[in-house]
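Participant: Any chance you can model this:
(2 chains)
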Amino acid sequence: MAAVIEINNLTFNYENGTPALADLSLSVQPGETVVFIGPNGAGKTTLFLYILGLLIQVPRELTVLKESLTSARAVEAVRGRVGLVFQNPDDQLFCTTVFDDVAFGPINQGLAPDQVKARVAQSLEAVGLTGYDQRVPHHLSGGEKRRVGLATIFAMTPEVLLLDEPTSSLDPRGRREVVRLLKEFAGTKLVATHDFELALEVATRVVLLHKGRIRADGPPLEILTDETLLKNSGLEMPLVLRYFVRLREGGVGGGPGT
Amino acid sequence: MHPEIDRFAHLDSPLHRLDPRVKIGAFTFFLVAVALVRGLLGAALALTLALVWLYLSRIPLSFTLGRLKAVVGFLAAFLVLLPLTHPGGWQAGLERGGVIFIKGLAMVLTVIPMFGTTPFNVSMKALAGLKVPARLVTMILFAYRYLFVFAEETRTMQQALKARGFKARSNWRTLAAVGNLVGLMVVRAFEHTERIYQAMVARGFKEKFGTFYEFSWGWPDALKGAVIVLAAVGLVGVDHLWLR
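Facilitator: From the prediction side, this is the model:
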C-alpha cells in the first residue's frame, strides 16, 4: 500500500541558520496514528509546518497522499486534504464568531453556501459544540477553543490530521474530549505531544525526535519503556510505565492495555 | 466582562433592523457632515441628532457613558488649550474648543449605534459589500479580534510584574519596565501574526477573505437611510446659514 506521507532525507535550517531538521526520513502508512515525542526544540512542530509547505514554498523531499510536492500547486492541493491543528487555539481561531472560523476552510475550498453551512453544523456536532455558531472565540474556555480548532479542520474533511500538542493546557475533562475525538477520527493522524499517556492511548507507532533527528521509531510500549533512550533524549519515562517495567522485570502482568 | 462594541447587537430597534450596508453608508455620510460643521449651533445640532440616533438604537446609556470616558478626556484638552493659544483671543479659543469638543462627542455617539446595532463580523461584511478594499476590512477585523487577546496578555504581564514587587513610579526604572513590556507585546504580536498567517494558509487562504452573508434591503431601509442623509444635509445647511 502506498504511504500517505513519505519523507526522504529532509534537512531544514531556519533563516537565521538554526538547524531544525537533519537528514530525516519517514514513511507513514494509511490509518496509522504516529505520535512524535521529543524535548522542546526537537523539531516536532517544524516537521508539521514543513509538511504543509508553511516554511518553504515547495518542500521537495516530501510525497503526501501520492502527490510529490514539487510545485506550489501540488502543495495547495495537499493543504485541502491534510489538516493541521495548531498548539495555541488563539492562532487558529482568528474570526469573530465560531461559525466564521469553522466556515473559513470550506469557503476557501470553494464550496457553495449551503454546503458550507452543512459542514459547519456537522463539524460542530462532531466536537459536541452544536449551538456555538454565534459564540465569540475569545470568550470560550480553553477546552472549547481546542474543540472549535478541531472543528475548523474537520469541516475541511481532511484525510490526514496533524495535531500539535492537542492536550496541552487542558483540564482532565477537556483532555478526555480531545482523546475521544482523536479515536473517532478514522484517517491517518500525526500527533506531536509531551503527553505520554496520550501516546499510550492512541498511538500505533511512536517516533522520538531529538535535535531534528529520528532517534527511535517503533511500537509505543517499546519506545516509552526504554529508560536509557528517553533519558539520553532529554525525556523521562512516565511513572505508571516505571511501575510497569519494574513489575515486568519481576515477572508480573502484561502491560497497559493488555 | 464583554467590552465589545457589538455587545447589544442582539436588541431590537429601528436601527437594529436597518440593513448594515445602508446603516454604515448613511452614518458615514452623517459623520462627514459633522466634520464639516464649523459653528457652535451646528455642533449643538449635530450632538442632538447623535443623541437621537442613540435613543433610537436602545443601547443602554451606561454602556455609552463608559465608552465616552476616554474620549472626553482627550477632547477636553481642546477646551483647555485653545482659549490659551487661539490667535483671536480666549473667547474665540473657547468657542473653537467648544465646537471641537461637541463635534467629537457627536461623532463618537454616532459610531456607537452605527456599529453597536449589528454583530461586528456582519458590519465588516457590510463594509466589503460597500466595496471597501478587502485588505483594509481584513485588517480591521483582525485588529478587533486580537485586541482582546493582547489586552489579556498585557494584563497577565502586568500581574507578573506586580507579583515580583514592581510598583509604578515616576522614575527611569518604571520607564524601562514599561518600555520592555510594550516592546515585548510588539514582538509577541509579530510572532502571533506569523502563526496566524500559517493557520490561514494551512486552511487554503489565498489572499482573499471569502465570506458570504445574505443581505437584503427594501423600502424601509431606503427610507431610514434617506432620513439620516437628509439630516446630514440639513445639518450642513443650518451650519452654513448660521455662519453667514
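Participant: Ignoring the adjacent residues along the chain, who's closest to A:Thr33?
Facilitator: Among residues not flanking A:Thr33 along the chain, A:Lys189 sits closest, at 4.4 Å (Cβ to Cβ, 6 or more residues apart in numbering or on different chains). For every residue, glycine as well, the C-beta is placed using N, CA and C.
Participant: Show me what the one you found is bridged to.
Facilitator: Beta-bridge pairing for A:Lys189 (DSSP bridges): A:Thr33, A:Leu161.
Participant: What's the per-residue pLDDT of residue 42 here?
Facilitator: If you meant another chain, say so; for now it's chain A. At A:Ala42, the predicted lDDT confidence score is 92.
Participant: um, chain B though
Facilitator: pLDDT, B:Gly42: 93.
Participant: same deal with the one 5 residues further on?
Facilitator: Predicted confidence (pLDDT) for B:Leu47: 96.
Participant: repeat for A:Val58
Facilitator: Looking at A:Val58, its pLDDT is 66.
Participant: tell me the secondary structure for the most centrally placed residue in chain A?
Facilitator: Centroid check for chain A by Cα atoms, centre = their mean gives A:Leu163 as the closest residue, at 2.0 Å. Secondary structure, DSSP: H, G, I helix; E, B strand; the rest coil: A:Leu163 is strand.
Participant: show me the contacts for it.
Facilitator: If a contact means Cβ atoms under 8 Å, 6 or more residues apart in numbering or on different chains, then A:Leu163 has A:84-85, A:182, A:189-193 as its contacts.
Participant: Looking at the residues you listed, which are in strands?
Facilitator: Per DSSP state E, strands hold the following members of these: A:84-85, A:189-192.
Participant: I'd like the residues you listed written out as TSV, with neighbour count and pLDDT added.
Facilitator: As requested, the ones in strands among the contacts of A:Leu163 are exported to TSV (neighbours: other Cβ atoms under 10 Å in any protein chain shown; pLDDT from 0 to 100):
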residue	neighbour count	pLDDT
A:Leu84	25	93
A:Val85	24	93
A:Lys189	22	96
A:Leu190	26	97
A:Val191	26	97
A:Ala192	24	96
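Participant: Quick check, the residue in chain B closest to chain A?
Facilitator: Among the residues of chain B, B:Gly204 lies closest to chain A, at 3.3 Å counting by Cβ to the nearest Cβ.
Participant: Which residues of chain B lie near chain A?
Facilitator: Proximity of chain B to chain A (Cβ under 8 Å from any Cβ of the partner chain) is limited to residues B:2, B:4, B:119-121, B:124, B:141-142, B:144-146, B:148-149, B:152, B:192, B:195-196, B:198-206, B:210-212.
Participant: Among these, which lie within helices?
Facilitator: Residues of the residues of chain B next to chain A located in helices (DSSP state H): B:120-121, B:124, B:141-142, B:144-146, B:148-149, B:152, B:192, B:195-196, B:198-202.
Participant: Which of those are buried, as a ChimeraX select command?
Facilitator: With 16 or more other Cβ atoms under 10 Å in any protein chain shown as the criterion, this ChimeraX line picks the buried residues out of these:
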select /B:120,121,124,141,142,144,145,146,148,149,192,195,196,198,199,200,201,202
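Participant: Measure how far the lowest-mean-pLDDT helix or strand in chain B is from the centre of its chain, please.
Facilitator: Averaged element by element with mean pLDDT, DSSP states H and E, chain B has its least confident helix or strand at helix B:134-163 (a mean of 84). In this view, helix B:134-163 has its centroid 17 Å away from the chain centroid, taken as Cα atoms, centre = their mean, to the nearest Å.
Participant: Could you give me the buried positions within that helix?
Facilitator: Those would be B:137-138, B:141-142, B:144-146, B:148-149, B:153, B:161, for helix B:134-163 by 16+ other Cβ under 10 Å.
Participant: Next, give me the two most distant ones among those residues.
Facilitator: For the buried residues of helix B:134-163, the maximum inter-member distance is 36.0 Å, found between B:Val137 and B:Leu161 (Cβ to Cβ).
Participant: now the buried residues of helix B:134-163 as JSON lines including distance to A:Glu222?
Facilitator: As requested, these are exported to JSON lines (distance: Cβ to Cβ, whole Å):
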{"residue": "B:Val137", "distance to A:Glu222": "53"}
{"residue": "B:Thr138", "distance to A:Glu222": "48"}
{"residue": "B:Leu141", "distance to A:Glu222": "49"}
{"residue": "B:Phe142", "distance to A:Glu222": "46"}
{"residue": "B:Tyr144", "distance to A:Glu222": "50"}
{"residue": "B:Arg145", "distance to A:Glu222": "45"}
{"residue": "B:Tyr146", "distance to A:Glu222": "44"}
{"residue": "B:Phe148", "distance to A:Glu222": "46"}
{"residue": "B:Val149", "distance to A:Glu222": "42"}
{"residue": "B:Glu153", "distance to A:Glu222": "41"}
{"residue": "B:Leu161", "distance to A:Glu222": "47"}
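Participant: Any regions of the stretch 151-258 of chain A where pLDDT drops low?
Facilitator: Along the stretch 151-258 of chain A, the model assigns pLDDT under 70 to residues A:252-258.
Participant: Strands of that one, start to end?
Facilitator: A:160-164, A:188-192, A:205-210, A:213-218 (DSSP state E, counting those that start in this stretch).
Participant: Hey, what's the angle from the first one to strand A:188-192? Just curious.
Facilitator: Compare the direction of strand A:160-164 with that of strand A:188-192 by axes from the mean of the first three to the mean of the last three Cα atoms, to 10 degrees and you get 10 degrees.
Participant: how close does B:Leu79 get to A:Glu125?
Facilitator: Relative to A:Glu125, B:Leu79 is positioned 57 Å away (criterion: Cβ to Cβ, to the nearest Å).
Participant: Around chain B, pick out the residues from the stretch 101-250 of chain A.
Facilitator: A:104-105, A:107-109, A:113, A:116, A:134, A:136-139, A:152-153, A:156.
Participant: residues near residue 168, how many?
Facilitator: Unless you meant another one, I'm taking chain A. 14 (other Cβ atoms under 10 Å in any protein chain shown).
Participant: that's the wrong chain, I wanted chain B
Facilitator: By other Cβ under 10 Å, 13 other residues sit near B:Ala168.
Participant: Next: the one 3 residues further on.
Facilitator: The local packing count at B:Asn171 equals 9, with neighbours defined by other Cβ under 10 Å.
Participant: Could you report the distance from it to B:Leu161?
Facilitator: Applying Cβ to Cβ, the value for B:Asn171 to B:Leu161 is 15 Å.
Participant: So which residue is smack in the middle of chain B?
Facilitator: B:Val111 (5.6 Å).
Participant: Count the neighbours of residue 47 for me.
Facilitator: Answering for chain A, as no chain was given. That count, for A:Leu47 with other Cβ under 10 Å as the rule, works out to 27.
Participant: wrong one, I was asking about chain B
Facilitator: By other Cβ under 10 Å, the residues close to B:Leu47 number 20.
Participant: So the closest residue to it other than its chain neighbours: helix, strand or coil?
Facilitator: With sequence-adjacent residues excluded and distances taken as Cβ to Cβ, 6+ apart, B:Leu47 is closest to B:Ala106, at 4.4 Å. Recorded secondary structure, B:Ala106: helix (three-state DSSP).
Participant: Having no further points to raise, I will conclude here.
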